[in-house]
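[1] mind looking at a prediction? Sequence and model below.
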Amino acid sequence: MIGGGRWGEATTMVDVSTAMAAARADSGKRRRGDKDAKNRPGSKLGVEPFDPQEHVKKETADTFSMWLMIIMGISVGLGLRYLMMPGMDGPRDVLWFLPLAFVVIVPSLHKVLIPEPHKSLYTFGNWFRASFLYIFTWLSVSFLVVNPPLGDIAAPEVAGKWTVVLMDDDGTVILDEGNLTSKGSKFTLFRNDSTASAFIVFAVRDNTDPYAATLSLNNLKIAPGEESVTVADTGVGDLGNGSDSCAPIWDGLSPTQRDKIVLHQDDSCVALELGRLSIGEYDLSLTLSEQGDPWTNSASESWRLTVL
């Protein structure tokens, strides 16, 4: 027996150097294989195998959910605007509460309208994302349909500050340089023994047309036996356009007064005569209104005038 073989059998002789070379080659292949396995993405992280078919099903289910929520948000926004709001005379809490309450039906809506196998793939995360998509869609549609040019639910308002000035019979405006405009809702007028007539000056602004607004101003002296006096009850457009409605008061105002009263070129200046006011305190009540869409818009201001 040579090399462990039996007599009479063919024996293959391998020298030591050849065997060692073969062992090194085999070891190198194994190391390269291990290295390649280590370089594969996710090999150390335990990432689950990617299934293209399951991925397509999930993406399709998410697409169904997205369009369902967009359609739901648009439907709710348009329904409230054109079905509920025309029957109301002003804003109501139901216009906010009802759309938000619809969030509770989001899962049921998916289960009813979306077919299998897609609806079985939804989880709590899907309901959460779908609810937010519905709310944002409803809000976006609502903002579009209640603002110009599709609607108008904002009332006209006083643009900036207001003031009271004296004007002589010859048209001269008497200004108190240290007391030009109102401080909040209060203003103090110093007559300084003048018999000139007092004028209140302010500006009206609106998101559509301030000249289409109607104003009503009442003046009540705070004293026993005094009754409220209607100073004006007319349309803003009937008083004139721009600064023309304040003429000739406007030309007599200081630049500081003009800048604080009229803040934008589209604001309409208003000057109303209060008469020869005696010393005392007066409550001025202003109401601005307009025919909006879908209801009448109105806003009120209460001012205190002190005459010294």
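    All right, it came through fine.
[2] next, work out how far apart the closest residue to residue 121 other than its chain neighbours and residue 123 are.
    Distance criterion Cβ to Cβ, 6 or more residues apart in numbering; nearest residue to residue 121, sequence neighbours excluded, is residue 61 at 4.7 Å. Bear in mind the C-beta positions are built from the backbone N, C-alpha and C, glycine included. Here the criterion is Cβ to Cβ, to the nearest Å. By it, residue 61 lies 10 Å from residue 123.
[3] OK, contacts around residue 69?
    For residue 69, the contact set (Cβ atoms under 8 Å, 6 or more residues apart in numbering) comprises 106, 130, 131, 133, 134, 137.
[4] and residue 138, how many neighbours?
    Residue 138 has 23 neighbouring residues, counting by other Cβ atoms under 10 Å.
[5] ditto for the one 10 residues further on
    Using other Cβ under 10 Å, residue 148 is surrounded by 13 other residues.
[6] returning to what we had before: export the contacts of residue 69 to a markdown table and tack on pLDDT?
    Below are the contacts of residue 69 laid out as a markdown table (pLDDT from 0 to 100):
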| residue | pLDDT |
| --- | --- |
| 106 | 95 |
| 130 | 95 |
| 131 | 96 |
| 133 | 97 |
| 134 | 97 |
| 137 | 98 |
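[7] only whichever of those residues are buried, select them in PyMOL.
    In PyMOL, this line selects whichever of those come out buried by 16 or more other Cβ atoms under 10 Å:
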select buried, resi 106+130+131+133+134+137
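[8] in this structure residue 138 contacts residue 77, no?
    Yes: the pair residue 138 / residue 77 is scored as a contact, 5.0 Å apart, by Cβ atoms under 8 Å.
[9] common neighbours of the two, please.
    Taking Cβ under 8 Å, 6+ apart as the contact rule, residue 138 and residue 77 both touch residue 99.
[10] now do the strands in the stretch 101-250 of the chain.
    157-158, 163-167, 173-174, 186-189, 197-205, 214-221, 229-235 (DSSP state E, counting those that start in this stretch).
[11] the third one pairs with which strands, parallel or anti?
    I take that to be strand 173-174. Strand pairing for strand 173-174, determined by DSSP bridges: strand 163-167 (antiparallel).
[12] returning to what we had before: of residue 61 and residue 123, who's got more company?
    Each of residue 61 and residue 123 has its neighbours counted (other Cβ under 10 Å); residue 61 has more, 19 against 7.
[13] show me what counts as buried in the helix or strand the more buried one falls within.
    Remark: residue 61 resides in helix 52-79, with elements defined by DSSP states H and E. Buried residues in helix 52-79, defined by neighbour count with 16+ other Cβ under 10 Å: 61, 64, 65, 68, 69, 70, 72, 73, 76, 77.
[14] so how far is residue 297 from the last one?
    Going back to what we said before, that points to residue 77. 20 Å.
[15] quick one: contacts for the residue nearest to residue 121?
    114, 118, 119, 121, 122, 126 are the contacts of residue 61 under Cβ under 8 Å, 6+ apart.
[16] give me the pLDDT value at it.
    Residue 61 is assigned 90 on the pLDDT scale.
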